[in-house]
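Undergrad: got a predicted model here, sequence first, then my questions.
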Amino acid sequence: MSAKPKILVLGGGFGGLEALFTMKHLLGDRADLKLVSDRPWFQFKPNTIYIPFGESPEKYQIDLLHPLKKQAIEFVEARVQEINPESKTVETDSERLKYDYLVVATGAKMRAEEVPGLVEHAVTVWTPEDMLRLRDRFAEVLERAGRGVRSKVLFLIPPNNRCSGPLYEMVCMLDTWLRRHHSRDQVDLTFATKEAAFIEAFGPRLNTVVADEFAHRGIEGHLLYVVEHVYDKAVRFQNDIELPYDLLISFPPYAAASSFSALPIDDRGFVKVDPDSRRVVGHEQMYAVGDTADFPIKQAFLALLQGDAAADHIAADVLGRKPEVDFHPMSMCVMEQFDKAVFAQVPLKYTGEAQRPVEVDVEDVDHYKVGVSPLWRVGKSALGFYLPWRFGSGKPFHSGFAWNMMDLGLQAMSHTMAK
Ligand SMILES: Cc1cc2nc3c(=O)[nH]c(=O)nc-3n(C[C@H](O)[C@H](O)[C@H](O)COP(=O)(O)OP(=O)(O)OC[C@H]3O[C@@H](n4cnc5c(N)ncnc54)[C@H](O)[C@@H]3O)c2cc1C
């Protein structure tokens with residue numbers, strides 16, 4: 001290894017940027033840091049749910065060139081094609097790059113084609129372009145309601161989707177939005193999911209909150225509805241039931257955005273890692289964080305925590321100290337509904353079972369917290385301001401005075417407004 005280790009981060013999303021800026025914070029100039037990503041901006045995906053309701057997509061793209069320059073981190077705008085662990089090189093569509101340490105954070109992609117008929121008939125939720133398409137379809141629903149024509153809007157979670165929360169946000173947001181436009185009585189809202197409980201990954205308390213919310217809003221919810229085929233105007237499920245629709249909205253199955261064949265990967269391309277450090281199995285100086293790694297629940301907050309662990313392990317190695325930060329899976333989110341929001345902090349634990357590797361640690365009552373209140377919308381706005389501001393300044397989410405203040409605020413809110 002040269003005097004200054006070369007650290008390469010692949011992917012400028014939540015996991016990659018958190019790892020990159022944390023390493024800068026911990027190592028300063030003692031390492032050569034480089035980011036390779038296929039776009040010069042950070043896409044703040046969680047808030048793209050506002051685009052169908054009128055927000056501009058540009059609002060959720062945060063420039064990376066300025067913060068990277070400010071932090072003296074080199075940026076290579078390129079698409080990574082392969083990783084060669086033996087030669088410690090990465091092949092991109094423009095050049096070959098050498099590394100001593102590597103962080104793989106290239107995220108996930110959607111595989112809508114796994115569900116017959118989904119590509120042809122559904123509006124899927126993933127990119128800002130999808131959200132703009134949905135905006136047009138919501139406008140159509142409103143226009144039909146104005147003419148007194150009823151619409152059936154069906155939300156669908158198929159097998160192998162790994163982040164169902166945003167679709168639950170959107171069905172409740174749509175309900176509030178339609179009420180505000182005096183059109184709710186012209187629209188039937190239905191939610192069908194393959195899950196055994198609503199937002200299953202977040203455990204029994206979220207299931208109760210969502211079931212109550214659906215009952216209160218008149219949204220028809222169906223659990224264990226596993227999609228078999230999507231037809232024009234109807235979805236058929238494995239239980240032989242068909243649900244009709246005029247507008248179908250789905251969050252498709254997940255796979256790794258880029259599948260790197262030289263790494264240990266599962267059948268969806270997700271990289272196998274050591275649970276605590278996020279070190280890639282069998283590769284000492286390589287880490288994988290965020291959606292592209294094998295943790296079964298894909299979430300921004302979890303990607304940040306994984307980025308923190310990988311960064312600390314690399315910094316410890318470079319500095320010759322013991323690592324101090326491991327990945328302890330604790331999910332956190334604030335779910336928008338326009339009239340209020342749901343806060344959830346969810347401790348997770350490993351089960352050791354291949355079918356269901358992670359579950360909610362319901363006995364950890366100190367950390368398992370859920371709250372519903374219009375005031376939680378303030379928490380959502382604060383996170384929506386804080387995170388782009390940190391990454392836009394070349395700083396990690398979880399560090400420094402600003403994070404301590406943010407953390408204090410969230411703790412105070414969850415102490416008073418969540419149980
Ligand atoms: C609509 C929506 C709402 C969501 N809401 C929430 C929420 O409320 N809370 C929450 O916690 N999570 C939410 N999520 C999930 C969250 O956005 C993801 O879990 C998170 O983005 C994962 O971070 P990541 O760094 O792993 O991947 P990403 O953020 O996807 O970043 C991956 C980066 O790698 C780049 N890349 C990919 N392949 C290559 C390649 N071959 N070469 C170079 N660059 C590459 C991509 O361009 C991208 O910049 C939501 C997701 C969506 C779609």
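TA: The structure has been received and is ready for your questions.

Undergrad: the closest residue to residue 243 other than its chain neighbours and the ligand: what is the separation?
TA: Counting by Cβ to Cβ, 6 or more residues apart in numbering, the nearest residue to residue 243 once its immediate chain neighbours are dropped is residue 235, at 5.2 Å. Just so you know, the C-beta spots here come from the backbone N, C-alpha and C atoms, and that holds for glycine as well. Here the criterion is Cβ to the nearest ligand atom, to the nearest Å. By it, residue 235 lies 21 Å from the ligand.

Undergrad: in three-state terms, label residue 235 for me.
TA: strand (DSSP: H, G, I helix; E, B strand; the rest coil).

Undergrad: what of the one 4 residues further on?
TA: Three-state call for residue 239 (three-state DSSP): coil.

Undergrad: ok, now which ones touch it?
TA: Listed by Cβ atoms under 8 Å, 6 or more residues apart in numbering, the contact set of residue 239 reads 224, 225, 226.

Undergrad: hmm, back to that, go ahead and confirm the residue nearest to residue 243 touches residue 152.
TA: No. Look at residue 235 against residue 152 with Cβ atoms under 8 Å: they stay out of range, at 10.9 Å.

Undergrad: the two: who's more crowded?
TA: When neighbours are counted by other Cβ atoms under 10 Å, residue 235 comes out ahead of the other of residue 235 and residue 152, with 27 against 18.

Undergrad: just so I have it, where are all the strands in the stretch 151-300 of the chain?
TA: Remark: strands assigned in the stretch 151-300 of the chain by DSSP state E, counting those that start in this stretch are 151-157, 187-193, 220-222, 227-231, 234-237, 242-244, 247-250, 254-256, 286-288.

Undergrad: need the ones you listed in CSV with distance to residue 332 and mean pLDDT, can you?
TA: Putting those into CSV (distance: least, Cβ to Cβ, whole Å; pLDDT from 0 to 100) gives the following:
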stretch, distance to residue 332, mean pLDDT
strand 151-157, 21, 98
strand 187-193, 22, 98
strand 220-222, 24, 98
strand 227-231, 29, 98
strand 234-237, 32, 98
strand 242-244, 32, 98
strand 247-250, 25, 98
strand 254-256, 20, 98
strand 286-288, 21, 98
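
Undergrad: out of those strands, nearest to residue 320?
TA: Using Cβ to Cβ as the criterion, the shortest distance between residue 320 and the strands of the stretch 151-300 of the chain is 18.2 Å, found for strand 286-288.

Undergrad: ok, residue 34 - contacts?
TA: 6, 7, 8, 9, 73, 74, 75, 76, 97.

Undergrad: if we go to 7 Å?
TA: With Cβ atoms under 7 Å, 6 or more residues apart in numbering as the criterion, the residues that contact residue 34 are 8, 73, 74, 76.

Undergrad: out of these, list just those in helices.
TA: Cross-referencing these with the helices (criterion: DSSP state H) gives no overlap at all.

Undergrad: just the closest of those residues to the ligand, please.
TA: Checking these against the ligand with Cβ to the nearest ligand atom, the nearest one is residue 76 at 9.0 Å.

Undergrad: for the closest one, which non-adjacent residue is spatially closest?
TA: Distances taken as Cβ to Cβ, 6+ apart place residue 36 nearest to residue 76, at 4.6 Å, with adjacent residues excluded.

Undergrad: my read: the one you found touches residue 6, true?
TA: No. Taking contacts as Cβ atoms under 7 Å, residue 36 lies outside contact range of residue 6: 12.0 Å.

Undergrad: for the stretch 51-200 of the chain, which residue gets nearest to the ligand?
TA: residue 107 (2.8 Å).
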